[in-house]
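Trainee: here are the coordinates; sequence isn't available:
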């Protein structure tokens with residue numbers, strides 16, 4: 001390739017010529033790294049050109065964003081096209097498209113005041129049961145021989161195949177770390193953002209259990225590569241009750257018990273009568289058993305291509321760019337929908353994991369789609385109705401009522417207090433204020449790190 005281009009072709013350009021030159025954060029403070037992974041909504045198809053034309057409503061997201069950087073690959077993604085530069089919508093993807101990284105990074109920086117790097121590797125239509133699975137042959141490598149460097153994985157990663165997604169992600173993480181180290185920039189892994197689900201909607205029996213276990217396996221693999229438990233914020237279940245149940249289950253299985261699923265209450269589906277579940281390619285307008293939350297649309301506005309015949313009588317005239325092409329069957333997020341999603345993920349991360357350090361400003365929370373329109377769980381074994389838009393929990397009652405880590409009940413087991421074991425476990429995790437099992441009743445009610453540990 002390189003020899004032919006250099007000696008046999010005057011018009012063949014350098015395949016890496018359009019990769020931006022690295023531009024790192026200053027080295028005077030530690031930067032926070034957030035790993036972003038998943039499928040098509042993570043990849044993102046939102047138009048940077050449309051965002052740029054709306055500087056009046058989104059001035060903070062124009063051009064390079066202060067205090068925020070992007071680490072990933074310039075499209076078309078190959079292992080040699082890595083770059084790390086200040087965050088700018090559309091810089092990485094062909095066609096100047098972007099995903100949730102732009103508004104997520106900007107919002108995290110605005111709240112914490114810290115320098116942020118979003119490390120992104122996503123692949124459209126990808127699943128967790130095989131393609132992101134760290135245990136497959138394609139995603140495995142010799143851990144004994146591994147020296148921890150990206151160069152060790154260089155010959156075995158494959159950006160042209162979905163079979164290598166987990167390994168490609170690890171390679172991305174190492175490239176980021178090594179680039180920062182070479183530039184003298186200190187860093188810490190602050191969290192994982194996961195945007196995935198629809199590609200696993202038909203896998204397993206029951207789907208929720210298989211999906212939950214497979215998702216947790218990916219998360220645990222990423223945590224193992226990072227070397228410590230970090231918080232995970234997750235979305236992507238949509239209107240699918242099985243996927244939502246599986247995502248909730250995954251948060252019960254993840255190592256460290258620091259995972260939270262966030263989803264807006266955009267509507268609901270009654271699986272007992274539904275004939276269609278909305279997806280990235282099908283809106284299911286008019287389908288039996290589908291209930292749309294028009295309060296959300298009246299609050300933010302209707303997509304320019306939303307069918308007039310499905311609007312309620314009191315529909316607002318406000319317009320909001322939700323989707324790429326509602327008429328053409330491309331229901332992925334357009335710029336305003338994607339900005340809303342990234343901000344939702346950041347707000348939820350702060351509320352769930354950083355509330356001891358930061359308050360979520362009311363001007364953020366008051367317009368957050370998941371705070372203002374929460375995705376509520378149906379009571380008991382009921383399903384959604386037009387007047388009660390909720391998600392049905394398919395988890396067994398025992399699992400649903402359990403916390404994290406979930407431990408299957410053994411009827412023959414004898415439960416006894418073991419003060420010594422609890423104290424040792426607490427100390428090893430950095431908690432020195434737990435002395436006996438008697439502290440459990442007091443600590444479990446605390447919405448802090450000690451309570452979550454107990």
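Mentor: Received, thanks. Note that the structure is predicted; figures quoted are calculated from it, not measured.
Trainee: ok, residue 264 - contacts?
Mentor: 296, 344, 369-370, 373-375 (C-beta atoms under 8 Å, 6 or more residues apart in numbering). Every residue, glycine included, has its C-beta placed from N, CA and C.
Trainee: ok, the residue lying closest to residue 294 once chain neighbours are set aside - how many residues close by?
Mentor: Using C-beta to C-beta, 6 or more residues apart in numbering and skipping the chain neighbours, the partner closest in space to residue 294 is residue 312 (5.2 Å). By other C-beta atoms under 10 Å, the residues close to residue 312 number 11.
Trainee: Residue 239 versus residue 312, what's the distance?
Mentor: 19 Å (C-beta to C-beta, to the nearest Å).
Trainee: which residues in this protein form strands?
Mentor: 31-38, 46-47, 68-73, 82-86, 97-98, 116-122, 187-195, 232-235, 259-261, 267-269, 290-292, 323-325, 330-333 (DSSP state E).
Trainee: Can I get those strands in TSV including mean pLDDT, distance to residue 245 and mean neighbour count?
Mentor: Converted to TSV, those look like this (pLDDT from 0 to 100; distance: least, C-beta to C-beta, whole Å; neighbours: other C-beta atoms under 10 Å):
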stretch	mean pLDDT	distance to residue 245	mean neighbour count
strand 31-38	98	18	24
strand 46-47	98	29	24
strand 68-73	98	31	26
strand 82-86	98	37	20
strand 97-98	97	30	25
strand 116-122	98	24	26
strand 187-195	98	16	22
strand 232-235	98	13	26
strand 259-261	98	10	23
strand 267-269	97	13	24
strand 290-292	96	18	20
strand 323-325	97	26	19
strand 330-333	96	22	20
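Trainee: want to try a markdown table for these, with distance to residue 225 as columns?
Mentor: As requested, these are exported to a markdown table (distance: least, C-beta to C-beta, whole Å):
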| stretch | distance to residue 225 |
| --- | --- |
| strand 31-38 | 9 |
| strand 46-47 | 29 |
| strand 68-73 | 15 |
| strand 82-86 | 17 |
| strand 97-98 | 25 |
| strand 116-122 | 12 |
| strand 187-195 | 9 |
| strand 232-235 | 13 |
| strand 259-261 | 16 |
| strand 267-269 | 36 |
| strand 290-292 | 40 |
| strand 323-325 | 33 |
| strand 330-333 | 28 |
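Trainee: Identify whichever of the ones you listed lies nearest to residue 172.
Mentor: Checking these against residue 172 by C-beta to C-beta gives strand 116-122 as the closest, at 4.3 Å.
Trainee: got the angle for that closest one vs strand 187-195?
Mentor: Computed with axes from the mean of the first three to the mean of the last three C-alpha atoms, to 10 degrees, the direction of strand 116-122 lies at 40 degrees from that of strand 187-195.
Trainee: ok, strand 116-122: who's next to it in the sheet?
Mentor: strand 31-38 (parallel), strand 68-73 (parallel) (DSSP bridges).
Trainee: Quick one: distance of the first one to the chain centre.
Mentor: Meaning strand 31-38. Mean C-alpha position of strand 31-38 versus that of the full chain (C-alpha atoms, centre = their mean, to the nearest Å) differs by 9 Å.
Trainee: next one: stretch 128-140
Mentor: Mean C-alpha position of stretch 128-140 versus that of the full chain (C-alpha atoms, centre = their mean) differs by 18 Å.
Trainee: Just the endpoints, please. Distance across it?
Mentor: 15 Å (C-alpha to C-alpha, to the nearest Å).
Trainee: Could you pull out the buried residues of it?
Mentor: 128-134, 136, 138-139 (16 or more other C-beta atoms under 10 Å).
Trainee: Most widely separated two among those residues?
Mentor: The widest separation within those (C-beta to C-beta) is 14.3 Å, between 128 and 138.
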